[in-house]
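Undergrad: Prediction below, plus the sequence it came from.
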Amino acid sequence: MATTTLRVQLPEEKARKVREQAMKRFGYSKGAISKALNVALDEWLGKAKPAKPPITAKDLLGRLSGVKESSVELQHKARDYW
């Protein structure tokens, strides 16, 4: 597949956020920003698989009844996981 270079101008804060998120998702290596922008542009152009709708509280109702941890403990586990 042939590639081309596009130059864009972004506000500094947005560029920082793009770099940060790209590296979190694709690693701290060369090409992470390109990969992230390709995924974002595929989604914007309608080529990506549709994203699953977010889970709502109604979806979870009753599914967590067996969980022994408190909500705070679960939040800490989720933070540590990510």
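TA: Done, it's in. Only a predicted model underlies this, so the values are computations on that prediction, with no experimental measurement involved.

Undergrad: Downstream of the worst-scoring helix or strand of the chain on mean pLDDT, the next helix or strand is which one?
TA: Counting by mean pLDDT, DSSP states H and E, the weakest-scoring helix or strand in the chain turns out to be helix 57-60, with a mean of 77. Next helix or strand after helix 57-60 toward the C-terminus (DSSP states H and E): helix 71-81.

Undergrad: Next, the buried residues of that following helix.
TA: Within helix 71-81, no residue counts as buried by 16 or more other C-beta atoms under 10 Å. (C-beta placed from N, C-alpha, C; glycine too.)

Undergrad: And residue 16, how close does it get to residue 10?
TA: 9 Å (C-beta to C-beta, to the nearest Å).

Undergrad: which residues are in contact with stretch 75-82?
TA: Taking C-beta atoms under 8 Å, 6 or more residues apart in numbering as the criterion, the residues outside stretch 75-82 that touch it are residue 69.

Undergrad: wait, I meant stretch 65-73
TA: 74, 77.

Undergrad: quick one: average confidence on that stretch?
TA: Per-residue confidence for stretch 65-73 averages out to 85 on the pLDDT scale.

Undergrad: where does the chain dip in pLDDT?
TA: Applying pLDDT under 70 to the chain flags the ranges 48-51.

Undergrad: Ramachandran coordinates for residue 2?
TA: phi -70, psi 150 (degrees, to the nearest 10).

Undergrad: what sits against it?
TA: Contacts of residue 2 by C-beta under 8 Å, 6+ apart: none found.

Undergrad: swap in residue 21?
TA: When contacts are counted by C-beta under 8 Å, 6+ apart, residue 21 touches residue 36.

Undergrad: Begin at 4 from now on, thanks
TA: Happy to do that; since the first residue is 4 now, the last one works out to residue 24.

Undergrad: how distant is the helix or strand containing residue 45 from the center of its chain?
TA: When elements are defined using DSSP H and E, residue 45 is found to belong to helix 35-48. Offset of helix 35-48 from its chain centre (C-alpha atoms, centre = their mean, to the nearest Å): 11 Å.
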